[in-house]
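> here's a sequence, model it:
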Amino acid sequence: MKALIVESDLNLSVEMTWALRRAGFDVKAVSDPRMASMEIMTFSYHLLVLERLWTSEDCAKLVYDYRNDGGTAAILAASFDSSIDWEEMILDAGADDFFKKPFRISSLVARAKTLVRNCETQTAAERVFKVGHIALDSVSGRVTRGNEELHLFPMEYLLLEFLMRHPNESFSSAALCQRVWKDKPSASSETVRTHIKTLRQKIQPGDYAEIIKTEHRKGYRLVS
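This next block holds a predicted model:
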């Protein structure tokens, strides 16, 4: 199980890191808001522990955008600000629980384990996307073609997951840059074309039916 800790207090970050590792989590900790945003929106995690490094509105928007793009990690928000407005804002955006600082590390770990366990017991219909011969498990991050497991690079996986969450919808290269690459400066139409090409080679080789189609003046569409 992978966990990301976003915390500016180094001592607290280290304490949470060791506690979660003892509980079986593979933990990464960051303290920079920009790095945290990139990690959250680029890589797959089972648990996010978020301190409010951003403004209330920006933090809530990050959580909302993460959920809107299909993010399934359990999210625990932590802050010295215990106002009802802030707590309601972050929970309404998609966080699963709120901890007011200071808190007992053991309580946070126990709650984290419960939330992640609940995520892992979701029904297959809620967590597994299937289109044709391809199945994608959004919790484990496993992609299969029939009985064969496929090994995708991180952005190939995120691209496929996005398309599988939006079957039969057309997206231009610009839209995919915005929704999948999150408007990273290095992303371009050529970036999208390259990833579409390598993804096609992995999921539909040989006699397998084409499921990612290119549509003139529209972009790309995954056919279900």
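> for the rest of this, base every contact and every neighbour count on C-alpha atoms.
Will do.
> at the geometric centre of the chain, which residue sits there?
G71 (4.0 Å; C-alpha atoms, centre = their mean).
> just say helix, strand or coil for it.
Of the three states, G71 takes coil under DSSP: H, G, I helix; E, B strand; the rest coil.
> equivalent analysis for the one 4 residues further on, please.
Following three-state DSSP, I75 is assigned to strand.
> what about it, how many neighbours?
26 (other C-alpha atoms under 10 Å).
> just checking, R221 touches S172?
No. Counting by C-alpha atoms under 8 Å, R221 stays clear of S172, with 9.1 Å between them.
> which secondary structure element of the chain has the lowest mean pLDDT?
Least confident element among the helices and strands of the chain, by mean pLDDT, DSSP states H and E: helix 124-127 (a mean of 59).
> low pLDDT regions in the protein?
Along the chain, segments meeting pLDDT under 70 span 53-56, 81-84, 119-126, 183, 206-208.
> would you map out the domains in it?
The chain breaks down into these domains under automatic domain parsing: 2-120, 125-222.
> contacting residues for the nearest residue to R193 once chain neighbours are set aside?
Computed as C-alpha to C-alpha, 6 or more residues apart in numbering, the closest residue to R193 that is not its neighbour in sequence is S173, at 7.8 Å. By C-alpha atoms under 8 Å, 6 or more residues apart in numbering, the residues touching S173 are S188, S189, V192, R193, G219, Y220.
> 7 Å instead?
Shown in contact with S173 (C-alpha atoms under 7 Å, 6 or more residues apart in numbering): S189, V192, G219.
> buried sites along the helix or strand L159 falls within?
Per DSSP states H and E, L159 falls inside helix 154-165. Buried residues in helix 154-165, counted by 16 or more other C-alpha atoms under 10 Å: M155, E156, Y157, L158, L159, L160, E161, F162, L163, M164.
> the fifth one against V180, yeah?
Read it as L159. Yes. Assessed by C-alpha atoms under 7 Å, L159 is found in contact with V180 at 6.2 Å.
> can you give me the helices for this protein?
10-22, 33-42, 56-68, 84-93, 105-120, 124-127, 154-165, 173-179, 189-203 (DSSP state H).
> return the distance of the second one from the chain's centre.
Looking back up the chat, that one is helix 33-42. Offset of helix 33-42 from its chain centre (C-alpha atoms, centre = their mean, to the nearest Å): 10 Å.
> which strand residues bridge F171?
Y220 (DSSP bridges).
> D85 and L159, how far apart?
D85 sits 35 Å away from L159, going by C-alpha to C-alpha, to the nearest Å.
> about what we covered before: and which of the contacts of S173 is nearest to S8?
Of all the contacts of S173, V192 has the smallest distance to S8: 34.5 Å, by C-alpha to C-alpha.
> what sits against that closest one?
Taking C-alpha under 7 Å, 6+ apart, we find V192 in contact with S173.
> same check, this time on L50
With C-alpha under 7 Å, 6+ apart, L50 has these contacts: I5, V6, E7, L76, A77, A78.
> possible to save these as TSV with distance to T214?
Formatted as TSV, these follow (distance: C-alpha to C-alpha, whole Å):
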residue	distance to T214
I5	39
V6	39
E7	43
L76	40
A77	41
A78	44
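> nearest to T144, of those?
I5 (29.8 Å).
> list of residues touching stretch 60-71?
Counting by C-alpha under 7 Å, 6+ apart, M41, M89, I90, A93, G94, A95 sit against stretch 60-71.
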